[in-house]
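1. Provide a 3D model corresponding to the input given below.
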Amino acid sequence: MTIRKKIDSDLAVRLGIAVVLFAYFAITLPVFTSTGNMFTVMEGFAFLGLIALGVGLTVMAGELDLSIASVAVLGGVVAVKQAEHGIFVAVLSALAVGVVLGVAQGIAIFWLKINSLVFTIGTLVAFRGVAYLLSDSKTIIVPDLDIADLVSKQLYIFSPFSILTIVVLLLTGLFLAYTRWGKEIGAVGGGRVEALAAGIPLWRPLVIAFGTSGAMGALVGAMLSLKSGSASPTEFADLLLPGVTAALIGGVSLRGGRGTVLGIAAGTLTLRFIVSGLSIQGSAVYVANFAIGVLVLVVLAVELFKDSDATKRWFARLSSERARPTP
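-> Have a look, this model is predicted:
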């Protein structure tokens with residue numbers, strides 16, 4: 001079986017999980033497919049999908065950006081402070097901050113040869129500290145609440161926020177699939193030595209992955225803060241874990257080198273279907289968390305099982321080569 005076929009079959013499984021969950025809740029809970037509930041699902045998909053995309057790209061590159069939640073906080077504060085100049089200026093200002101911070105992290109991690117987990121733990125704290133300074137440790141309010149209405153305006157089951165997320169996911173998917181720079185992210189995550197041998201500069205995929213992660217974090221922070229009409233330096237502390245979970249369920253490998261944007265979208269929808277369906281059933285929050293946790297464990301177990309088979313084949317081949325007589 002070729003690598004391409006493996007990716008396609010794995011993606012089909014991820015999409016199948018989302019479809020089965022949707023069908024189950026749609027059949028057992030008629031209100032699940034109502035316009036109002038689907039709108040709520042898509043609103044959750046909007047922010048979670050972007051976070052999962054940002055985190056997922058860094059994991060595909062063989063790293064992990066822990067600072068994305070703090071970048072979201074900073075992006076929200078910047079957007080609200082610039083909201084008096086209009087929504088486009090506010091969002092673009094936040095995006096610029098996110099891209100600069102992400103690119104700087106990618107460059108620093110490459111140049112210092114430091115583990116991204118260690119480095120982004122530091123920036124996680126530092127960026128939130130900057131948000132406290134910019135907001136003077138207070139909740140700041142959007143001067144024109146019409147902006148909040150614009151961001152959350154309902155268009156059937158969509159909003160400007162969810163439509164923006166779909167467009168971003170689509171463009172990123174095309175970038176990863178059809179451009180050299182996009183393909184380099186997975187290549188570097190799959191094997192640094194092999195990537196170097198192929199002539200791929202390691203700095204570029206890291207800069208692109210972390211720059212995108214910073215942009216996604218800032219965009220989420222900006223849109224959620226504008227939607228709520230305020231920004232606080234204490235917000236978004238719980239964004240990272242759901243984002244990582246959605247990426248893993250969507251097929252992003254913790255070992256790097258594997259994952260697709262469509263898979264990340266499927267993983268995000270899977271989480272949103274579980275949360276929405278169990279909420280309609282009246283289940284407590286911890287029930288949804290438990291169900292998601294079990295699903296993640298199953299996904300990881302399957303991945304480990306696949307890797308163990310590959311390891312066994314590698315050891316078998318190595319043993320056969322050692323058993324050959326020396327010429």
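2. hmm, residue 211 is touching residue 99, no?
-> Yes. Contact between residue 211 and residue 99 holds when scored by CB atoms under 8 Å: they sit 5.4 Å apart. For the C-beta atoms, the positions are set from N, CA and C on the backbone; glycine is no exception.
3. tell me which of those two has more neighbours.
-> Per other CB atoms under 10 Å, whichever of residue 211 and residue 99 has more neighbours is residue 211, with 22 against 19.
4. list the residues that contact that one.
-> Applying CB atoms under 8 Å, 6 or more residues apart in numbering, we find residue 211 in contact with 99, 102, 103, 106.
5. distance of the third one relative to residue 261?
-> By that I understand residue 103. Using CB to CB, to the nearest Å, we find residue 103 at a distance of 20 Å from residue 261.
6. okay, the residue nearest to residue 24 when sequence neighbours are not counted: pLDDT?
-> Excluding its sequence neighbours, the residue lying closest to residue 24 (CB to CB, 6 or more residues apart in numbering) is residue 277, at 7.6 Å. Note on residue 277: pLDDT of 92.
7. from residue 270, how far off is residue 277?
-> Plainly put, residue 277 is 11 Å away from residue 270 if you go by CB to CB.
8. returning to what we had before: and for the residue nearest to residue 24, the neighbour number?
-> Applying other CB under 10 Å, we find 22 residues neighbouring residue 277.
9. that one touches residue 27, doesn't it?
-> No. The criterion here is CB under 8 Å, and residue 277 misses it with residue 27 at 10.8 Å.
10. rewinding a little: could you dump the contacts of residue 211 into TSV and include distance to residue 173 and secondary structure?
-> Listed next are the contacts of residue 211 as TSV, based on distance: CB to CB, whole Å; DSSP: H, G, I helix; E, B strand; the rest coil:
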residue	distance to residue 173	secondary structure
99	19	helix
102	19	helix
103	21	helix
106	21	helix
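11. where does residue 277 sit, in terms of helix or strand?
-> According to DSSP states H and E, residue 277 maps onto helix 261-280.
12. for that helix, which helices and strands make contact with it?
-> Where contact means 3 or more CB pairs under 8 Å, 6 or more residues apart in numbering; DSSP states H and E, helix 261-280 is packed against helix 3-28, helix 35-60, helix 160-178, helix 240-249, helix 285-323.
13. for residue 195, which of the ones you listed is the nearest?
-> helix 35-60 (12.6 Å; CB to CB).
14. how about the contacts made by residue 301?
-> If you count contacts by CB under 8 Å, 6+ apart, residue 301 has none.
15. name all residues that make contact with the nearest residue to residue 99 once chain neighbours are set aside.
-> Setting aside the residues directly before and after it, residue 99 is nearest to residue 215 in space (CB to CB, 6+ apart), at 4.9 Å. Taking CB under 8 Å, 6+ apart, we find residue 215 in contact with 54, 95, 98, 99, 102.
16. highest neighbour count among the residues you listed?
-> residue 54 (33 neighbours).
17. wait, doesn't it sit right on residue 212?
-> Yes. Taking CB under 8 Å as the definition, residue 54 is a contact partner of residue 212 at 6.1 Å.
18. I'd like to know how far the residue nearest to residue 99 sits from residue 103.
-> 9 Å.
19. picking that back up, so which of residue 103 and residue 261 has more stuff around it?
-> Set residue 103 next to residue 261 and count neighbours by other CB under 10 Å: residue 261 wins out with 25 against 18.
20. the more buried one: what's it in contact with?
-> Contacts of residue 261 (CB under 8 Å, 6+ apart): 53, 169, 170, 172, 173, 176.
21. now these as TSV including distance to residue 18?
-> Converted to TSV, these look like this (distance: CB to CB, whole Å):
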residue	distance to residue 18
53	16
169	14
170	17
172	19
173	16
176	20
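22. below-threshold pLDDT in the stretch 201-327 of the chain: ranges please.
-> Applying pLDDT under 70 to the stretch 201-327 of the chain flags the ranges 305-327.
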